[in-house]
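*Asks:* I'd like to go over a predicted model; first the sequence, then the structure.
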Amino acid sequence: MSQGKRKLRSSHWYGGTDKNSFIHRGWMRGQGIASHQFEGKPIIGICNTFSELTPCNAHFRQLAEHVKRGVIEAGGFPLEFPVFSNGESNLRPTAMLTRNLASMDVEEAIRGNPVDGVILLTGCDKTTPALLMGAASCDLPSLVVSGGPMLNGRHKGGQVGSGTGVWQLSEQLKAGSITVHDFMAAEEDMTRSAGHCNTMGTASTMACMAEALGVTLPHNAAIPAVDSRRSVLAHMSGMRIVQMVWDDFRLSRLLTRAAFCNAIRAIAAIGGSTNAVIHLKAIAGRIGVQLDLDDWTRWGRGVPTLLNLMPSGKFLMEDFFYAGGLPAVLRRLGEAELLPFPDILTANGQTLWNNVKDAPIHDEQVIRSTEQPVAADGGLCVLRGNLAPRGAVLKPSAATPGLLKHRGRAVVFENFAHYKARIDEPDLDVDAQSVLVLKNCGPLGYPGMAEVGNMGLPSKLLAQGVTDMVRISDARMSGTAYGTVVLHVTPEARAGGPLAAVRDGDWIEIDAMGGRLHLDISDEELQRRLSELETQRNSSRLPVPSSGYKGLYLKHVLQADEGCDFDFLVGCRGADVPDHSH
């Protein structure tokens, strides 16, 4: 559709001769912006999560400038606005606590302002889902521009990955195989530039998810933050969003069920983070697409992991970009007839398959063939049983194969503080076959569902050379982490789920590929324990915040299998023009 044939949303603010239009244009003039600069042009909001408290996104001022140039070149007018920047690196107790808050900020900022389309500047873990959730609830033309990963870390002549290296080195320090000096020396080697984690952690997974969904331009996921091609992509995205406005090309045309199924399969192929399960469900809920845990089995299982990247492999995001990026992975899937819906429409107006069918593959060690994958079945495992009636998840590509089917005695930690106090006790009754169980760290139990599920192993076992154990919790773990870790057990312990009933010495069986998680006690004993715990909970009257954001969170957050969104935020509310302000 060409310019001038469709009334722009922003014209309701700027296009009249009444008092309100006078006010809106006049205040823009106060910034030195004459009305002819924006009247009759698509107003593009640049939703910026820049913050110096979010180091992953600290370069977004410069990135926004490249978007603006593209918008102006295409005949639009850019207006940048800030939203809550929920960065994972500094924010406590976890950015997951404020993901929904950030999404509310995004939604209301878009709906209440004179914007016709939106560029979403995302980077750190929760910024991508938060911005997509908020934008999906408005359903204006929207395009994601990720900030990109940092450069590869280099340490002692080899590569060290952000996040993943921390977990590895920390365990080595506890085992006594490296010194504190060695540990501290790795700090400056690990983080060499602006950008988010250079491993396939949550930030990289979210960037790949957005590209697989079709809400970015091709190659958005892997270009390093400091590479000039990231700036060019931002410029081109600025140009593209202007045409998307004229075409009324809304998010709902992109965020279809088929797109979500493609994304699930892509996440399996890249060895993506388990956090994708929660975030993808939340985004789907906002746009009105039905998605549930069974879809991860239906579309993710049986898919080989092709990307040889930490924590599942040995390379890093910079290598991924040089090898061909996500288009190369999607091409591999398509050629193997593993891309379920290749003909979905993407943000550049082309089908997904047209975007990737000729993608070059420069390094087959980084992007493996389907005949020589990193893992033959890399799809996230959904486990169910009497310990997780509504499901739990495990990432097989980052687990120890010999532990994917296991039976062991439980060593129980009632909460994270109990874990920290107990894990290194010399007389802890634990061996390599034990199953570590952490309770009360889900959305309600540890408000925000912190990334504490990849519990460090007992020091005495590390000293014996043990490198992995089965771990089970209602928490999350960092996408950069690894190990045989069962997460998101639902319902969580704090909500009265069966996990609350586990005791030291109970036998637990896990069959990851069979989708089974079982507490080996009778149904009658399980119910007796849960009833006893419910009585104790009622009598103890644990304090629950009744005010502030945390109070709102505890009243309205959904469980992990529902995406941990707020119950009152699910759904698309659109972006009808609000009533006059004066």
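*Replies:* Cool, the structure landed.
*Asks:* can you pull out the helices in the stretch 251-400 of the chain?
*Replies:* Along the stretch 251-400 of the chain, counting by DSSP state H, counting those that start in this stretch, helices occupy 257-270, 275-287, 293-300, 317-323, 325-335, 352-356.
*Asks:* These into CSV, with extra columns for mean neighbour count and mean pLDDT?
*Replies:* Heads up, the C-betas are built off the backbone N, CA and C, glycines and all. CSV is the format used below for the helices of the stretch 251-400 of the chain (neighbours: other C-beta atoms under 10 Å; pLDDT from 0 to 100):
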stretch, mean neighbour count, mean pLDDT
helix 257-270, 25, 98
helix 275-287, 26, 98
helix 293-300, 20, 96
helix 317-323, 24, 97
helix 325-335, 23, 98
helix 352-356, 21, 98
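*Asks:* Same list, those helices, but as CSV with distance to residue 32 please.
*Replies:* CSV is the format used below for the helices of the stretch 251-400 of the chain (distance: least, C-beta to C-beta, whole Å):
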stretch, distance to residue 32
helix 257-270, 41
helix 275-287, 37
helix 293-300, 50
helix 317-323, 39
helix 325-335, 40
helix 352-356, 40
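*Asks:* nearest to residue 81, of the ones you listed?
*Replies:* Among the helices of the stretch 251-400 of the chain, the nearest to residue 81 by C-beta to C-beta is helix 275-287 (19.8 Å).
*Asks:* and the closest one with helix 257-270, angle?
*Replies:* 170 degrees (axes from the mean of the first three to the mean of the last three C-alpha atoms, to 10 degrees).
*Asks:* looking at the helices of the stretch 251-400 of the chain, which is closest to residue 12?
*Replies:* Once the helices of the stretch 251-400 of the chain are compared by C-beta to C-beta, helix 275-287 is nearest, at 24.0 Å.
*Asks:* between the closest one and helix 293-300, what angle do the directions make?
*Replies:* Going by the same axes, to 10 degrees, helix 275-287 makes 110 degrees with helix 293-300.
*Asks:* gap between helix 275-287 and the chain center?
*Replies:* Centroid separation for helix 275-287 versus its chain: 9 Å, with C-alpha atoms, centre = their mean, to the nearest Å.
*Asks:* same question, stretch 138-148
*Replies:* The answer for stretch 138-148 is 15 Å, by C-alpha atoms, centre = their mean.
*Asks:* for residue 87, what are its contacts?
*Replies:* 51, 53, 54, 55, 56, 57, 95, 124, 127 (C-beta atoms under 8 Å, 6 or more residues apart in numbering).
*Asks:* one step back: among the helices of the stretch 251-400 of the chain, which is nearest residue 492?
*Replies:* Judging the helices of the stretch 251-400 of the chain by C-beta to C-beta, what sits closest to residue 492 is helix 275-287, at 12.6 Å.
*Asks:* can you pull out the helices in the stretch 101-250 of the chain?
*Replies:* Under DSSP H, counting those that start in this stretch, the stretch 101-250 of the chain gives helices at 127-138, 164-175, 180-190, 202-213, 228-246.
*Asks:* Could you dump those into TSV with distance to residue 569 and mean pLDDT added?
*Replies:* What follows is those, written out as TSV (distance: least, C-beta to C-beta, whole Å; pLDDT from 0 to 100):
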stretch	distance to residue 569	mean pLDDT
helix 127-138	7	98
helix 164-175	33	84
helix 180-190	36	85
helix 202-213	19	97
helix 228-246	25	98
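*Asks:* and residue 268, which of those is closest to it?
*Replies:* Per C-beta to C-beta, nearest to residue 268 of these: helix 202-213, 10.8 Å.
*Asks:* Which neighbouring elements make contact with the closest one?
*Replies:* Packing contacts for helix 202-213, counted by 3 or more C-beta pairs under 8 Å, 6 or more residues apart in numbering; DSSP states H and E, involve strand 117-122, helix 127-138, strand 142-146, helix 257-270, helix 275-287, helix 325-335.
*Asks:* quick one, phi psi at the nearest residue to residue 336 once chain neighbours are set aside?
*Replies:* Among residues not flanking residue 336 along the chain, residue 370 sits closest, at 4.5 Å (C-beta to C-beta, 6 or more residues apart in numbering). Phi and psi for residue 370, reported as degrees, to the nearest 10, are phi -70, psi -20.
*Asks:* Counting by contacts, list what the longest strand along the chain packs against.
*Replies:* In the chain, with assignment by DSSP state E, the single longest strand is strand 405-413. Applying 3+ C-beta pairs under 8 Å, 6+ apart, we find strand 405-413 packed against strand 435-438, strand 507-511.
*Asks:* Out of those strands, the one nearest residue 452 is which?
*Replies:* strand 435-438 (6.9 Å).
*Asks:* Would you mind putting the helices and strands packed on helix 202-213 into JSON lines with distance to residue 229 alongside?
*Replies:* As requested, the helices and strands packed on helix 202-213 are exported to JSON lines (distance: least, C-beta to C-beta, whole Å):
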{"stretch": "strand 117-122", "distance to residue 229": "17"}
{"stretch": "helix 127-138", "distance to residue 229": "20"}
{"stretch": "strand 142-146", "distance to residue 229": "13"}
{"stretch": "helix 257-270", "distance to residue 229": "20"}
{"stretch": "helix 275-287", "distance to residue 229": "25"}
{"stretch": "helix 325-335", "distance to residue 229": "10"}
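*Asks:* among the ones you listed, which is nearest residue 354?
*Replies:* helix 325-335 (10.6 Å).
*Asks:* and that closest one, how far from the chain's centre?
*Replies:* Computed by C-alpha atoms, centre = their mean, the separation of helix 325-335 from the middle of its chain amounts to 21 Å.
*Asks:* what about the protein, any weak spots by pLDDT?
*Replies:* The model of the chain has pLDDT under 70 over residues 1-5, 539-544.
*Asks:* could you pull out the strands for it?
*Replies:* For the chain, the strands defined by DSSP E occupy 43-48, 77-82, 117-122, 142-146, 153-155, 158-160, 381-385, 388-394, 405-413, 435-438, 470-473, 485-486, 507-511, 516-519.
*Asks:* sorry, back to before: do you know which of the helices of the stretch 101-250 of the chain lies nearest residue 487?
*Replies:* Per C-beta to C-beta, nearest to residue 487 of those: helix 202-213, 12.4 Å.
*Asks:* in that closest one, what's buried?
*Replies:* Across helix 202-213, burial judged by 16 or more other C-beta atoms under 10 Å covers 202, 203, 204, 205, 206, 207, 208, 209, 210, 211, 212, 213.
*Asks:* next one: it to chain centre, how far?
*Replies:* For helix 202-213, the distance to the chain centre is 7 Å (C-alpha atoms, centre = their mean).
*Asks:* swap in stretch 526-537?
*Replies:* Worked out by C-alpha atoms, centre = their mean, stretch 526-537 lies 35 Å from the chain centre.
*Asks:* List the contacts of residue 396.
*Replies:* 375, 377, 378, 379, 380, 381, 404, 512, 513.
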